[in-house]
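Visitor: below: sequence and its predicted model.
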Amino acid sequence: MAEIPNLIEDLALILVVAGIVTLVFKKLKQPLVLGYIVAGFLVSPHMPYIMSVVDKGDIHTWADIGVMFLLFSLGLDFSFKKILKMGMAPVIAALTIIFSMMTLGILIGHGFGWNRMDCIFLGGMLAMSSTTIIYKAFDDLGLRQQRFASLVMSVLILEDVLAIVMMVMLSAIASGNNPDGGEMLGSILKIGFFLVLWFVVGIFLIPLFFRKTRKLMNSETMVIVALGLCCLMAVLSTKVGFSSAFGAFVMGSIIAETVEADKIVKLVEPVKNLFGAIFFVSVGMLVEPKVLVDYAIPILVLVLTILLGQGIFGTAGFMLSGQSLKNAMRCGFSMAQIGEFAFIIASLGLSLGVIGKFLYPVVVAVSVITTFLTPYMIRFAEPCYNHIEKHLPKKWVRRMNHVGNAHQNSTEEENAWKVLLRKMLINTAIYGILSTAVVTLMLTFVLPLCRNMLGHWPGNAVCGLLTVLMISPFLRSMVMKNVHSDEFRQLWTESLLNRLPLIFTMIVRVAIAAMFIFYIVNYLTRFKEALMITIAGVALVAMVLSRRLKHRSIKLERLFIKNLRSREIAEQVNGERRPLFEGRLLDRDIHIGDFDIPEDSTWIGRTLKDLQFRNRFGVHVSSILRGSLRINIPNGRQIIFPGDRISVIGSDEQLKNFSQAIANELIPEDPEIEKREMKLRKFILSDGTPFIGKTLAESGIRDRYGCMVVGVEEGQENLTLVDPQRKFEKGDIIWLVGEEADLEKVRQQIPVLTTTSASSS
């Protein structure tokens, strides 16, 4: 008899136990993440009463894959454009919270006498709230459509992104004995370089690839391609010194800008759930009861630190970002827990061998306790605000509650110089990174090939010429982009004093572009510096004057913008794009909520006038999305259909009541649905049957008895449809479909009856 590999036995044990435990947690309305952690503890060697995992190495490998797919899914939900559109408010809140909580974590670690790396990693763990747990808590409490919830989610997205950067930074700190400021800055610049490079190149290639292969893609091939791209970027990321999780996140954020993103999210979700479950189970396997007992006091202190720290510094962060005291407290209290990123950072520390083994179970225990307390903290925010409002001077409360409105209503009038310089900096940075990447690849890989094939100096010449040709569109765009922009023209014509600074910006960009050509020539030749500068200048002038190169540069830029906006354009066509006026509504403390109408809603088939949403809930229906049809400003005669997505304008309280009504006003489930199964029977019409001599409509079989005549039997096999004008005759064999009780009523009308049951449908 063949033996089963240990991996299969371990997976069977993990998945069965995790399935049972998560069902219990689902029944108790607790986050499934906690269920996975408990399941991990149950199958660990620390639980002697049941079987335990045999080969931990394989499970940890699967757990690493789980982290990779978790961050890939996070990237799919992330969009660089969304972050830019958020403005500075979420950035201010996120940075304030992360800095404050990280400082608290480091100080508390030092207070307990832990070593330096334990303190740094502990600070990183305490700084990251759990997106998964908070999202689930908002969903369970019916708060997801409220304004403060959207603010919290925007900050959590930023925190997740900053957590990726933090992981890279922590790896850099852990790898060096005492990294100085220069090394830290170098690490940050390296992250930025590869992030921009991968994103820009990915936006050029990935959407184009999906467009060319769209006809060949089905669900099976798409999920394979998506996961393949994820793993490919994970490998590339590790090759350049980053984690596989970082690469997976970057690929997810690239695919997030494609039209196929929504479909890929749904396809990848089961894979993410499987491997993510194994990761969280592996977290639970590291929980040691002895450690929890020995470190009970630090655990309680850390729990209090998170609850009080997020309550205070979270509130302060959101207030600094422009929120009122009430909203800021609701936001800050919602973030009082740690979750998946704390585990990921702890796993990173263990894998690098820089943190003590005690820290992992301590952090898991803190996460479990704070997760259980999350719903109560969210509910506690409003009573706490009411208490503060009573005891603080009214003038202070009024000022704090209006600081958000004052901040939001102040329009930032950016002058033309700011806009122009920002565009120039972004443009120069992007094209500089692309040029650097091309030069590095050509001189590292192509140059040796050219030398082997053509000889040293001819190979240098060919490689140098190819390199200059490849970067020429980037260098031309670096020099000429924004020269004909509205801001440049405005500043040029507005004042003579502006012309010298504008010329200076052009000279700087020309110098940067020329440096690339100078570097290539210097690397490949032994010319004197004067000649190399001349070659660089002549080549750059030729690039600027070339019409063909100009059109090529414009074509590349348009392709990039088209790919970057492909999902946005598709959403606009499908009516899924958020209204542009939504930001102005937020200033008035009202916002838009989107609600899907269930198929069993009592509202289906009724008009908006009949439903009286304005009178009942105080909300306005701004649009209805029905498939690919969008109905803006629907009138009172508009009928609600199953699956309609309606956009509603109202305050938090109004939208909450509206959401509860959607969930409650449903057609009740039929308790006797099994008894109402449809049957197919045949009846022979005999003397005295009231249907004889009547047409189908006159017989009342449908209206009075609730049955449908399928046909009249002619011969042994033929069944013909009933002519509406044909009258039933004695001896007719008719086939009826209906419920058992209704068919019984028909049977009672036929004195001498022969019936035969057929298969149910």
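Guide: Arrived safely. Numbering: from 1, shown residues only.
Visitor: what ranges does the stretch 651-761 of the chain have for its strands?
Guide: Remark: strands assigned in the stretch 651-761 of the chain by DSSP state E, counting those that start in this stretch are 678-684, 708-714, 718-720, 733-739, 755-757.
Visitor: could those go into a markdown table alongside distance to residue 34?
Guide: Glycine gets a C-beta too; all of them are placed from N, C-alpha and C. Formatted as a markdown table, those follow (distance: least, Cβ to Cβ, whole Å):
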| stretch | distance to residue 34 |
| --- | --- |
| strand 678-684 | 45 |
| strand 708-714 | 52 |
| strand 718-720 | 59 |
| strand 733-739 | 46 |
| strand 755-757 | 52 |
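Visitor: now residue 564. Nearest residue, chain neighbours left out?
Guide: residue 203 (5.4 Å; Cβ to Cβ, 6 or more residues apart in numbering).
Visitor: quick one: that neighbour from residue 253, how far?
Guide: Using Cβ to Cβ, to the nearest Å, one gets 10 Å for the distance from residue 203 to residue 253.
Visitor: now do the buried residues in the helix or strand containing residue 148.
Guide: Using DSSP states H and E, residue 148 falls within helix 147-175. Of the residues in helix 147-175, 147-149, 151-164, 166-174 count as buried by neighbour count, 16 or more other Cβ atoms under 10 Å.
Visitor: next: stretch 503-512.
Guide: 505, 509, 510, 512.
Visitor: looking at the residues you listed, which one is closest to residue 692?
Guide: Taking Cβ to Cβ as the measure, residue 692 lies nearest residue 509 of the buried residues of stretch 503-512, at 96.8 Å.
Visitor: give me the phi and psi for the closest residue to the closest one other than its chain neighbours.
Guide: Nearest-residue entry for residue 509: residue 479, 5.2 Å, with adjacent residues in sequence omitted and distances by Cβ to Cβ, 6+ apart. Phi and psi for residue 479, reported as degrees, to the nearest 10, are phi -80, psi -40.
Visitor: still on that earlier bit, enumerate every residue touching the residue nearest to residue 564.
Guide: Neighbouring residues of residue 203 by Cβ atoms under 8 Å, 6 or more residues apart in numbering: 254, 257, 560, 563, 564.
Visitor: identify the farthest-apart pair in those.
Guide: Largest separation among the contacts of residue 203 by Cβ to Cβ: 254 and 560, giving 12.4 Å.
Visitor: so which of the two has more stuff around it?
Guide: residue 254 (26 against 15; other Cβ atoms under 10 Å).
Visitor: what residues does the residue nearest to residue 509 make contact with?
Guide: Per Cβ under 8 Å, 6+ apart, neighbours of residue 479: 506, 509, 510, 513, 540, 543, 544.
Visitor: so how far is residue 506 from it?
Guide: Taken as Cβ to Cβ, the span from residue 479 to residue 506 is 7 Å.
Visitor: picking up where we left off before, which of the contacts of residue 479 fall in helices?
Guide: If you go by DSSP state H, the contacts of residue 479 have 506, 509, 510, 513, 540, 543, 544 in helices.
Visitor: surely the third one and residue 541 touch.
Guide: No. Residue 510 is not in contact with residue 541 according to Cβ atoms under 8 Å; the separation is 9.5 Å.
Visitor: so what are the domain limits for this structure?
Guide: 6-382, 416-564, 592-664, 675-757 (automatic domain parsing).
Visitor: now the terminal residues of the third one, how far apart.
Guide: Terminal residues of domain 592-664 are spaced 21 Å apart (Cα to Cα, to the nearest Å).
Visitor: number of nearby residues for residue 702?
Guide: By other Cβ under 10 Å, neighbour count at residue 702 equals 14.
Visitor: please name the nearest non-neighbouring residue to it.
Guide: Spatial nearest neighbour of residue 702, excluding adjacent residues (Cβ to Cβ, 6+ apart): residue 708 at 6.0 Å.
Visitor: ok, the one you found - contacts?
Guide: Neighbours of residue 708 in contact, by Cβ under 8 Å, 6+ apart: 701, 702, 736, 737, 738.
Visitor: leaving out the residues flanking it, which one is nearest to residue 241?
Guide: Among residues not flanking residue 241 along the chain, residue 190 sits closest, at 7.6 Å (Cβ to Cβ, 6+ apart).
Visitor: what helix or strand does that neighbour sit in?
Guide: Using DSSP H and E, residue 190 falls within helix 181-212.
Visitor: which positions within that helix qualify as buried?
Guide: Buried residues in helix 181-212, counted by 16+ other Cβ under 10 Å: 187, 191, 193-200, 202-204, 206-207, 210.
Visitor: now do stretch 690-702
Guide: 691, 692, 696, 699, 701.
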